[in-house]
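Engineer: Predicted coordinates and the sequence they were generated for:
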There are 2 protein chains.
Amino acid sequence: MGEGGESSAPRRGPRPTDTAWREQILDAARREFGEHGYQAATVRRIGHAAGVDPKLVHYYFGTKEELFTTTIAETFRARGFPALLAQASSPPADSAGTRYLLAVLTALEDDTLGPGFIGLVRNLGTHEESRRIFVRFVTGELIEQLAPRLEADFAEARVTLAGSQLLGLVMARYVLKVPPLASLSIQQVAQTVGPTLDRYLFDGLPLHGNIEAGNDQRP
Amino acid sequence: MGEGGESSAPRRGPRPTDTAWREQILDAARREFGEHGYQAATVRRIGHAAGVDPKLVHYYFGTKEELFTTTIAETFRARGFPALLAQASSPPADSAGTRYLLAVLTALEDDTLGPGFIGLVRNLGTHEESRRIFVRFVTGELIEQLAPRLEADFAEARVTLAGSQLLGLVMARYVLKVPPLASLSIQQVAQTVGPTLDRYLFDGLPLHGNIEAGNDQRP
């Protein structure tokens, strides 16, 4: 725990193997961010709910921004999302993209983290901290996890294309609540949009030119 | 012009056939919204730039919100966007979705309206007026224009699905500027994402159940 809470100082105190406390704090954080949204959530309340000194929360997880990023990332990782998406499809009715969307939409609608994540997406355009958390999440948890598993070329471009469809879906369905998209069942959305993710991730795409270097090659 | 500016009163003053002034005001509005964004734009400056009394702007176009909606809608309509999208594809390399995206992305990157529209998308989640303008635009200009032209079933759901991909693309490329998506050429993006729009609009989709009534039928 210790008074040396600066992130640059060597870390002292409880070992990373003290996973019980770690899990307790993450559970409390998930609930706090879900109930109050990122901006209104406080590390003090998270500490109290977890039954630990808020300093311990900072010790383990850094700033509120870092804690939120970790909370989202661990929730997604615990549900095996990157792995789900990287498995190439077998029967078309249950493709990788479809399974992934079923898992994501179920999490967004049922989990205590759903409202917190939707709140983050709502604030993306206007709240710099939210933008930073989201981009860090997408880069660290989706692009970096998924891209090396994809055997296709242009892996990073593929993941960001899939991410753009997912982001637009969350915006349209949960933030703007555009009818009739908002009233489709999770199953309908997953089976309709899933093949889009499959195509971006696994199929041949007309991505010619040196795109990683941002080379703008127009015909 | 007249003092009877209430929108419920019968309209007096210049006829709708006075299209020169109407175009002048729309041009000035396009520039003002593009330069200052929706929130900072003023009808007073638009009037001055168009060389007319701001009251005339209100007379023709109503509130600032209504003027902005009209400005976006007319720009899109002038470029024939809804018609472009409703034409079924002929050669796959130049599908309806691809042509539509080429036109939209070119408008967003080159036109004076681009920054205004991107600013609207940026504010969607947190600014109620922006959300209202965007939903009205999507409903009036995309869903209502396109849905009746589509011969496929579930026309409205199809248009909102295509809209979700378009919205996510604009967010990821222009608001969040996620690499490497932000550095692809317009051509690359249009040819990669266009087939997604085609599929949502024209192909067979697994949209079973009474979706228009919001019936949540899960298997």
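Structural biologist: Done, it's in. Numbers count the residues shown, from 1 in each chain, chains lettered A, B, ... in the order given.
Engineer: alpha carbons only for contacts and neighbour counts from here, please
Structural biologist: Fine.
Engineer: burial count for the residue of chain A found nearest chain B?
Structural biologist: Going by Cα to the nearest Cα, chain B is nearest to residue A:168 of chain A, at 3.6 Å. Around residue A:168 there are 25 other residues, counting by other Cα atoms under 10 Å in any protein chain shown.
Engineer: Next up, phi/psi of residue A:125, please.
Structural biologist: Backbone torsions for residue A:125, taken as degrees, to the nearest 10, come to phi -80, psi -20.
Engineer: State the distance from it to residue A:72.
Structural biologist: 19 Å (Cα to Cα, to the nearest Å).
Engineer: ok, residue A:38 to residue A:134 distance?
Structural biologist: 12 Å.
Engineer: ugh, wrong one, I meant residue A:125
Structural biologist: 11 Å.
Engineer: Repeat that for residue A:110.
Structural biologist: On the measure of Cα to Cα, residue A:110 and residue A:134 end up 20 Å apart.
Engineer: In terms of neighbours, single out the busier of these two.
Structural biologist: Neighbour count, other Cα under 10 Å: between residue A:110 and residue A:134, residue A:134 has more, with 20 against 11.
Engineer: The more buried one contacts residue A:122, correct?
Structural biologist: No. Contact criterion Cα atoms under 8 Å: residue A:134 and residue A:122 do not qualify, at 10.9 Å.
Engineer: sorry, back to before: my guess is the residue of chain A closest to chain B meets residue B:161, correct?
Structural biologist: No. Between residue A:168 and residue B:161 no contact is recorded; they are 9.1 Å apart, counting by Cα under 8 Å.
Engineer: Name the SS class of the residue lying closest to residue A:61 once chain neighbours are set aside, please.
Structural biologist: Once flanking residues are discounted, residue A:61 sits nearest to residue A:67: 5.1 Å by Cα to Cα, 6 or more residues apart in numbering or on different chains. Three-state assignment for residue A:67 (DSSP: H, G, I helix; E, B strand; the rest coil): helix.
Engineer: ok, longest helix in chain A?
Structural biologist: Ranked by number of residues, the top helix in chain A under DSSP state H is helix A:19-40.
Engineer: ok, and does that one reach over to chain B?
Structural biologist: No. Shown here: helix A:19-40 not in contact with chain B (Cα under 8 Å from any Cα of the partner chain), separated by at least 12.8 Å.
Engineer: Rounded mean pLDDT for that helix, please.
Structural biologist: Mean pLDDT, helix A:19-40: 88.
Engineer: Who are the contact partners of residue A:35?
Structural biologist: Counting by Cα atoms under 8 Å, 6 or more residues apart in numbering or on different chains, residue A:35 makes contact with A:112, A:115, A:116.
Engineer: What about these, which are in strands?
Structural biologist: Among the contacts of residue A:35, none falls in strands (DSSP state E).
Engineer: Buried subset of those residues as a PyMOL selection?
Structural biologist: Typed into PyMOL, the line below selects the buried ones among the contacts of residue A:35, using 16 or more other Cα atoms under 10 Å in any protein chain shown:
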select buried, chain A and resi 112+115+116
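Engineer: Export the contacts of residue A:35 to JSON lines and append columns for pLDDT and distance to residue A:205.
Structural biologist: Shown next, in JSON lines, are those (pLDDT from 0 to 100; distance: Cα to Cα, whole Å):
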{"residue": "A:112", "pLDDT": "71", "distance to residue A:205": "37"}
{"residue": "A:115", "pLDDT": "83", "distance to residue A:205": "34"}
{"residue": "A:116", "pLDDT": "83", "distance to residue A:205": "34"}
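Engineer: Can you report how many residues neighbour residue A:203?
Structural biologist: 12.
Engineer: Next, find the distance separating it from residue A:106.
Structural biologist: In terms of Cα to Cα, residue A:203 sits 26 Å off from residue A:106.
Engineer: Could you do residue A:123 as well?
Structural biologist: 21 Å.
Engineer: okay, these two: which has more neighbours?
Structural biologist: residue A:123 (23 against 14).
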